[in-house]
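S.K.: Prediction below, plus the sequence it came from.
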Amino acid sequence: MLVVEDDPRLRDILQRGLSREGFDVLLAASGEDAMRKGADGDVAAVILDIGLPDADGRDVCQALRARGLTAPVIFLTARDALVDRLAGFDAGGDDYMMKPFEFEELIARLQAAMRRAGEHGALEGAGLVLDPAAHAVQQGDVRVALTPTEFRVLGALLARPGEAVRRQDIVRSGWPAGAIVSDNSVDAYIARVRRKVRDLPDPPQITTVVGVGYRLG
Ligand code: CA
């Protein structure tokens, strides 16, 4: 189990509670730390705070998904951050908990999410690594900086390589909940992402799927 939470008190409570339930717990206090510890794929579930000091937890989730993480992700978010809560699902999260929460409820949701996750297959990240703190994409030694929206658009495609991703799903990943985004605007962002990834040594192909959206590879 990977627990990503910058509040040391809550981190400690989660560690003790989860250990008592029989889970091995890896702790991370930042997005960077989470990428290091979650990248080996040997994680059964992730509990991920949205408000991290160096990154948005949703971007961390997209970056971990792009690296092949298939384990369920449960977001932690502040009670007043309703928009965060709604947008959390589309960043590849499986459930959310509002702070403060009952530990028993977290365990119940965690177990439900892990049961549901049983059917997921493995993902390939097309050799690309997303850095959620810098909003950058890296391949080999080459690193390309993206804007936060470009990062999320690429993340939406990378999480499902080889699959046609619908325009509305790209919008849900890239923009805040309720944002009105035209098709032209999505196409313009895809064009910008295509241009930027051309600087990578083995640029991924972003293919237009007519009437649907876009596909990576
Ligand atoms: Ca926090």
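M.R.: Right, received. Where do you want to start?

S.K.: Can you find the helix or strand of the chain with the lowest average pLDDT?
M.R.: In the chain, the helix or strand scored least confidently by mean pLDDT, DSSP states H and E is helix 82-90, which has a mean of 59.

S.K.: Check which element follows it along the chain.
M.R.: Downstream of helix 82-90, the first helix or strand assigned by DSSP states H and E is strand 95-99.

S.K.: Just the buried residues of that next one, please?
M.R.: By neighbour count, with 16 or more other CB atoms under 10 Å as the criterion, the buried positions of strand 95-99 are 95, 96, 97, 99. No exception for glycine: its C-beta is placed from N, CA and C like everyone else's.

S.K.: Give me the sheet partners of it and which way each runs.
M.R.: Paired strands of strand 95-99, with direction, are strand 73-78 (parallel) (DSSP bridges).

S.K.: As CSV, could you dump the C-alpha coordinates of the strand it pairs with?
M.R.: Coordinates of each C-alpha in strand 73-78 appear next as CSV, following Å, rounded to 0.1, in the frame of the first residue of the first chain:
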residue,chain,number,x,y,z
VAL,A,73,-6.2,4.9,-6.2
ILE,A,74,-8.3,6.6,-3.5
PHE,A,75,-8.0,10.3,-3.3
LEU,A,76,-8.1,12.3,0.0
THR,A,77,-9.4,15.8,-0.3
ALA,A,78,-10.5,18.6,1.9
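
S.K.: Residue 186 against residue 172, yeah?
M.R.: No - shown here, residue 186 and residue 172 do not form a contact pair, counting by CB atoms under 8 Å, at 11.1 Å.

S.K.: Give me the nearest residue to residue 47, chain neighbours excluded.
M.R.: For residue 47, ignoring the flanking residues on the chain, the nearest one in space by CB to CB, 6 or more residues apart in numbering is residue 3 at 4.8 Å.

S.K.: cool, residue 109 as well?
M.R.: In space, residue 109 comes closest to residue 95 once its chain neighbours are excluded; the distance is 5.0 Å by CB to CB, 6+ apart.

S.K.: go on, residue 96?
M.R.: Closest residue to residue 96 apart from its sequence neighbours, by CB to CB, 6+ apart: residue 75 at 4.3 Å.

S.K.: Name the surrounding residues that touch stretch 11-28.
M.R.: Taking CB atoms under 8 Å, 6 or more residues apart in numbering as the criterion, the residues outside stretch 11-28 that touch it are 1-5, 29, 34, 36-38, 43-44, 47, 103, 106-107.
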